[in-house]
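> generate coordinates for the sequence data below:
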Amino acid sequence: MKNSWIFYLAKGLEILGLAVVLGGVVLSIQLGMGEEGLESMKAESYGLAAGGLLFFLGWLLERASGSR
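Numbers count the residues shown, from 1 in each chain. Have a look, this model is predicted:
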């Protein structure tokens, strides 16, 4: 069942979620170095929430497809 399109969609969502988390952390570091503490925390929180949600949706799809 690993060749189904749902499996590839799930993996794509998981990778996209990890990329969003990484982007949020990088943006947070850049803002923190610029002495914008609250904006830094906001960027990190949004990145973690959005990326975590995408990763979780991908994980759920992968489980539903029966590949795990």
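> look up how far Glu62 lies from Met41.
Distance, Met41 to Glu62, using CB to CB, to the nearest Å: 31 Å. Any C-beta I mention is one placed from the backbone N, CA and C, and that applies to glycine too.
> who has more neighbours, these two?
A count of neighbours by other CB atoms under 10 Å puts Glu62 above the other of Met41 and Glu62, at 19 against 13.
> what sits against that one?
Applying CB atoms under 8 Å, 6 or more residues apart in numbering to Glu62 gives the contacts 7, 10-11, 14, 68.
> buried subset of these, written for ChimeraX?
If you want just the buried ones from these in ChimeraX, going by 16 or more other CB atoms under 10 Å, the selection is:
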select :7,10,14
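> all helices of this protein, in order?
Here the chain has its helices, by DSSP state H, at 5-33, 37-65.
> elements contacting the first one?
What it means is helix 5-33. When contacts are defined as 3 or more CB pairs under 8 Å, 6 or more residues apart in numbering; DSSP states H and E, helix 5-33 sits against helix 37-65.
> can you state the direction angle for the helix it packs on and helix 5-33?
For helix 37-65 against helix 5-33, the angle by axes from the mean of the first three to the mean of the last three CA atoms, to 10 degrees is 170 degrees.
> list the buried residues for helix 37-65?
Using 16+ other CB under 10 Å as the test for burial, helix 37-65 gives 40, 43-44, 47, 50-51, 54-55, 57-58, 61-62, 65.
> now, which of these sits nearest Gly34?
Ser40 (8.3 Å; CB to CB).
> tell me if I'm right that the closest one and Gly32 touch.
Yes. In this structure, Ser40 is within contact of Gly32 by CB atoms under 8 Å, at 4.1 Å.
> give me the neighbour count for Gly34.
Gly34, neighbours per other CB under 10 Å, totals 10.
> if I look at it, how far off is Ala19?
Where Ala19 is concerned, Gly34 sits at a distance of 23 Å (CB to CB).
> just to revisit the earlier point, least confident of the buried residues of helix 37-65?
Of all the buried residues of helix 37-65, Ser65 carries the smallest pLDDT score, 83.
> so what's the nearest residue to that residue once chain neighbours are set aside up against?
Nearest residue to Ser65 in three dimensions, chain neighbours excluded: Ile6, at 4.4 Å (CB to CB, 6 or more residues apart in numbering). For Ile6, the contacting residues are 61, 64-65, by CB under 8 Å, 6+ apart.
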